[in-house]
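S.K.: next input, structure requested:
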Amino acid sequence: MFHNKKSNAITTVIIAIMILLGTATIVVYASNNTIVSIDPSSQIVSPGQTFTVNVSCVPEEPIKSFEFKLAFDASLLQANSVTEGDIFDGYTTFFNAGTINNLTGTIVDIYGLILGAGSVSDSGTFVSISFIAKDITGTSNLDLYDVGVTNSTAYISIDVNNGSVSIEEYTLTITTVGSGSVTKDPDQGSYVYGDVVELTAVADDGWSFVGWSGDLSGSDNPDSVTITGDMSVVAHFIDSNSSEISNIDITTSNPLDTDSSFGWINITCIVTDNVAVNGVSLNITNSDGSYNNNTINAIGANSYYYNSSAVFSTYGNYSYFIWANDTTNNQNTSSIYTFSMPPNWDINNDGDCNVYDLVLVSNYYNETGTSGWIREDVDNNGRIQVIDLVLISGHYDESWWQ
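M.R.: Next up is the predicted model:
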């Protein structure tokens, strides 16, 4: 049967004439209907995307020819071309690609048939139609009409399944918690359904990437997200930089005295952090080997001090280090430093109590001043007198430096 831009009505008339002339026999099949479908039945594309729609057939009996027309939304789609499908592969065929009208949104008079003897029972595609989506969002129905499928002698019963195409663009919103950024590949303002976007988290200096949330989970980096709609992904970064401890300094009273009423030691430092300092402590190992922790108080932006006069009332050798943590619990410690607290009777601070200390007191004998004014005033009473010599002599030949 030849179709050369004829309508179904014309074809029907020809068949009727053939029947009247006794040249055709109507064959009635008890099988299920042959199915003609838009394939895929629905798909999502992006604005400007070129895509293909197939008109497919699942025969329930051997078929020899087909014809149909197609309607679409011309405000959303533009038809580019119609090409013959594969259902009649292996046969000599006559194929008409039809007439595309992108103003009315129709393609009419598409048909094809096997020339000569032969028919097919295997499923396949009648045609493939190329479309381009316009730069607008919406859904276009793809409606088949005036559809006819024949066997070698007559039209057969069919079921027609129409389809649709949705033009959508989706956004992928990336936000960060902490300090860092995320790169997208491909990096686009919008995506189409099914696009796969690779995300790579890039931590800033002093920060570490720890994981994703939102429409992506886990901690793989990079990782990919498949677009199924408007999506949002959050990249989480944590501070990995410890606080920096610097400018550690120790200052003392002059003279240095183990009696906190007259002597003192201050330990100062500067602590900075890329986020915020949470706490600073001074760890002190005392001359007897015991140790204690003391909170260091802030005196200004990034500056901290510790007043230690009440701590070092025992003479001997001390060591200390400074410990700091930030608001994300990163910790850091300084190097270990040492200092000594000489006993009051070791006037020259040489580690031994001997005649040199007595000589230094005798040089100031009978002089007066404020209490604790010089180390030679061993008892801090403001007078250099015999009691100071007695205190020294009571420890004569002792060594305290360890």
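
S.K.: quick one: contacts for Phe339?
M.R.: Phe339 is in contact with Ile250, Ile265, Asn317, Tyr318, Tyr320, counting by Cβ atoms under 8 Å, 6 or more residues apart in numbering. From N, CA and C alone the C-beta is placed, and that goes for glycine too.

S.K.: neighbour-wise, give me the winner out of those.
M.R.: Counting neighbours by other Cβ atoms under 10 Å, the top entry in those is Tyr320, with 23 neighbours.

S.K.: I'd like the next helix or strand past the worst-scoring helix or strand of the chain on mean pLDDT.
M.R.: Ranked by mean pLDDT, DSSP states H and E, the weakest helix or strand in the chain is helix 8-20, scoring a mean of 39. Towards the C-terminus, the helix or strand next in line after helix 8-20, according to DSSP states H and E, is strand 34-39.

S.K.: which parts of this structure are helices?
M.R.: For the chain, the helices defined by DSSP state H occupy 8-20, 355-363, 386-393.

S.K.: and stretch 254-261, what's buried?
M.R.: Within stretch 254-261, the residues scored as buried using 16 or more other Cβ atoms under 10 Å are Pro255, Leu256, Asp257, Thr258.

S.K.: for stretch 367-384, same thing?
M.R.: Applying a neighbour-count criterion of 16+ other Cβ under 10 Å, the buried positions in stretch 367-384 are Gly372, Trp373, Ile374, Arg375, Glu376, Asp377, Val378, Asp379, Asn380, Arg383, Ile384.

S.K.: please verify my assumption that the last one contacts Trp373.
M.R.: So that's Ile384. No. Look at Ile384 against Trp373 with Cβ atoms under 8 Å: they stay out of range, at 9.5 Å.

S.K.: domain ranges for the chain?
M.R.: The chain is divided into the following domains under automatic domain parsing: 8-167, 172-239, 244-341, 345-402.

S.K.: so how far is Ser362 from the closest residue to Ala71 other than its chain neighbours?
M.R.: Across the structure, with Cβ to Cβ, 6 or more residues apart in numbering as the measure, the residue nearest Ala71 apart from its sequence neighbours is Asp143 (4.5 Å). In this structure, Asp143 lies at 121 Å from Ser362, with Cβ to Cβ, to the nearest Å as the measure.

S.K.: now for Asn80, how many residues are close by?
M.R.: Here the neighbour count serves as a burial measure; for Asn80 (other Cβ under 10 Å) it reads 13.

S.K.: OK, contacts around Phe95?
M.R.: Residues counted as contacts of Phe95 (Cβ under 8 Å, 6+ apart) are Glu84, Tyr111, Gly112.

S.K.: so of these, which ones are in strands?
M.R.: Glu84, Tyr111, Gly112 (DSSP state E).

S.K.: ok, these vs Ser246, which is closest?
M.R.: Closest approach between these and Ser246, by Cβ to Cβ: Glu84, at 79.5 Å.

S.K.: number of residues surrounding the nearest residue to Thr328 once chain neighbours are set aside?
M.R.: Nearest-residue entry for Thr328: Asp239, 4.1 Å, with adjacent residues in sequence omitted and distances by Cβ to Cβ, 6+ apart. With neighbours defined by other Cβ under 10 Å, the count for Asp239 comes to 21.
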